[in-house]
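Chemist: Predicted model and sequence follow; I will ask about them next.
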Amino acid sequence: QVQLVESGGGLVQAGGSLRLSCAASGRTFDNYATAWFRQAPGKEREFVAAIIWSGGNTAYGDSVKGRFTVSRDNAKNTVPLQMNSLKPEDTGVYYCAVHSRPYTITQRAVEYDYWGQGTQVTVSS
């Protein structure tokens, strides 16, 4: 059974940093993109960042470029998301997800098959 578990969320002041982590179990996703999405109350789920494990290719949403960094931790089999210079508009539930097709990164949530339960990130002004 595939399971994705997010961790690392919390409350932080604007300008601060947080590091989220996505741990996958149940199968390997070497050639598939693992992505981070976020969803604020009353808004649609938004693409944040993604990485393809095997090649290291990455992609970022426009609103987080230059502030967030997605990577892979081979030793822990996790996908961390380092978030710096946080803003109140970064507040939301952050989810990790795995794409339905190999070697592909897209920004549409419907194209991702597996999802975690999410972790709350709150940035105060």
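Modeler: Cool, the structure landed.
Chemist: does the one residue sitting closest to the centre of the chain have beta-bridge partners, and which?
Modeler: Centre of the chain computed as the mean C-alpha position; nearest residue by CA atoms, centre = their mean is residue 36, 2.0 Å away. In this entry, residue 36 is beta-bridged to residue 49, residue 96, by DSSP bridges.
Chemist: can you give me the strands in this structure?
Modeler: Listed in chain order, the strands of the chain (DSSP state E) span 3-7, 10-13, 18-25, 32-39, 46-52, 58-60, 68-70, 78-83, 92-102, 112-115, 119-124.
Chemist: between the last one and strand 32-39, how big is the angle?
Modeler: Translated: strand 119-124. Using axes from the mean of the first three to the mean of the last three CA atoms, to 10 degrees, one finds that strand 119-124 and strand 32-39 are set 50 degrees apart in direction.
Chemist: Now do strand 119-124: which elements does it pack against?
Modeler: Judged by 3 or more CB pairs under 8 Å, 6 or more residues apart in numbering; DSSP states H and E, strand 119-124 is in contact with strand 10-13, strand 18-25, strand 92-102. Any C-beta I mention is one placed from the backbone N, CA and C, and that applies to glycine too.
Chemist: So the residue nearest to the centre of the chain versus residue 12, what's the distance?
Modeler: Counting by CB to CB, to the nearest Å, the gap from residue 36 to residue 12 is 16 Å.
Chemist: tell me the contacts of residue 6?
Modeler: Residue 6 makes contact with 20-22, 94-96, 116-119 under the criterion CB atoms under 8 Å, 6 or more residues apart in numbering.
Chemist: can you pull the pLDDT of the spatially closest residue to residue 2 that is not a sequence neighbour?
Modeler: Of all residues not flanking residue 2 in the chain, residue 26 sits nearest, at 3.9 Å (CB to CB, 6 or more residues apart in numbering). For residue 26, the pLDDT comes out at 84.
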